[in-house]
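> output the structure for:
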Amino acid sequence: MTRILVADDHDVVRSGLRAILDAQEGWVVVAEAANGQEAVERAIETKPDIAILDYSLPIANGAEVTRQLRVRLPEIEVLIFTMHESEDVVLDILLAGAKGYLLKSDARRFLIAAVDSLAAHKPFFTGKVSEALLETYLANNRGTILSPRERAVVQLIAEGKSNKAVGDVLAISQKTVESHRAAAMRKLNLDSTAALVRYAVRNKLVEA
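Predicted coordinates for the structure are as follows:
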């Protein structure tokens, strides 16, 4: 039996995915979540084999959830389910440990194949991404983009949370939050919180 968690902040998306997945023999959706924090909590409770995560989850995005799940549940496989066809997003989720990337526009054709692939611990990507590009992404960009934790801090700051609130969500100290924030601003060559928020909106870390 393949156990699946579905996390998306839209009820209709979760319901649609559940209907498709539960209809497959040997698959069962064991949990749903509407935000990143809930996704981590429900995954720890139910221990699914596969987590299907929207990249743009509130509180903690798909990459941050992936990072936390890979630490706490090393055997889990993660499929990022998103409307954003972006190399930055792909790189972000790869560095976090996700093995699958499925565009929502491709779901009707490829959802079953994607879950089958991850159930066999094999990667699955749609859109512009191919396996041939993955090593290039990782080799060329590891030191020049935001880390999953830095992106998580940027997202929470852009959502209006204080350093203390960010630390509470990510279970890190305020000093560590400030360090990640400073590192992100240095990498992005930004000099204000307003600029950081604009970056987050432009790169789909938060809704405009």
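
> I'd like the next helix or strand past the helix-or-strand element of the chain with minimal mean pLDDT.
In the chain, the helix or strand scored least confidently by mean pLDDT, DSSP states H and E is helix 131-141, which has a mean of 55. The first helix or strand that comes after helix 131-141 along the chain, using DSSP states H and E, is helix 148-158.

> need the CA coordinates for the helix or strand that that following helix is followed by. PDB is fine.
Downstream of helix 148-158, the first helix or strand assigned by DSSP H and E is helix 163-170. C-alpha atoms of helix 163-170 as PDB (Å, rounded to 0.1, in the frame of the first residue of the first chain):
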ATOM      1  CA  ASN A 163      12.200  37.600  13.500                       C
ATOM      2  CA  LYS A 164      10.800  36.000  16.600                       C
ATOM      3  CA  ALA A 165       7.800  34.600  14.800                       C
ATOM      4  CA  VAL A 166      10.000  33.300  12.000                       C
ATOM      5  CA  GLY A 167      12.300  31.600  14.600                       C
ATOM      6  CA  ASP A 168       9.200  30.000  16.200                       C
ATOM      7  CA  VAL A 169       8.000  28.600  12.900                       C
ATOM      8  CA  LEU A 170      11.400  27.300  11.800                       C
END
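
> what comes up buried for the following helix or strand past helix 163-170?
For helix 163-170, the succeeding helix or strand toward the C-terminus, using DSSP H and E, is helix 174-188. Of all the residues in helix 174-188, those buried under the rule 16 or more other C-beta atoms under 10 Å are 176-177, 180-181, 184-185, 188. Bear in mind the C-beta positions are built from the backbone N, C-alpha and C, glycine included.

> residues touching the residue nearest to residue 10 when sequence neighbours are not counted, list them.
Nearest-residue entry for residue 10: residue 54, 8.0 Å, with adjacent residues in sequence omitted and distances by C-beta to C-beta, 6 or more residues apart in numbering. Going by C-beta atoms under 8 Å, 6 or more residues apart in numbering, residue 54 touches 7-10, 13, 62, 80-82.

> can you say which of those are buried?
7-9, 13, 62, 80-82.

> widest-spaced pair of the contacts of residue 54?
10 and 80 (15.4 Å; C-beta to C-beta).

> just to revisit the earlier point, quick check: phi and psi at the residue nearest to residue 10.
phi -70, psi 140 (degrees, to the nearest 10).
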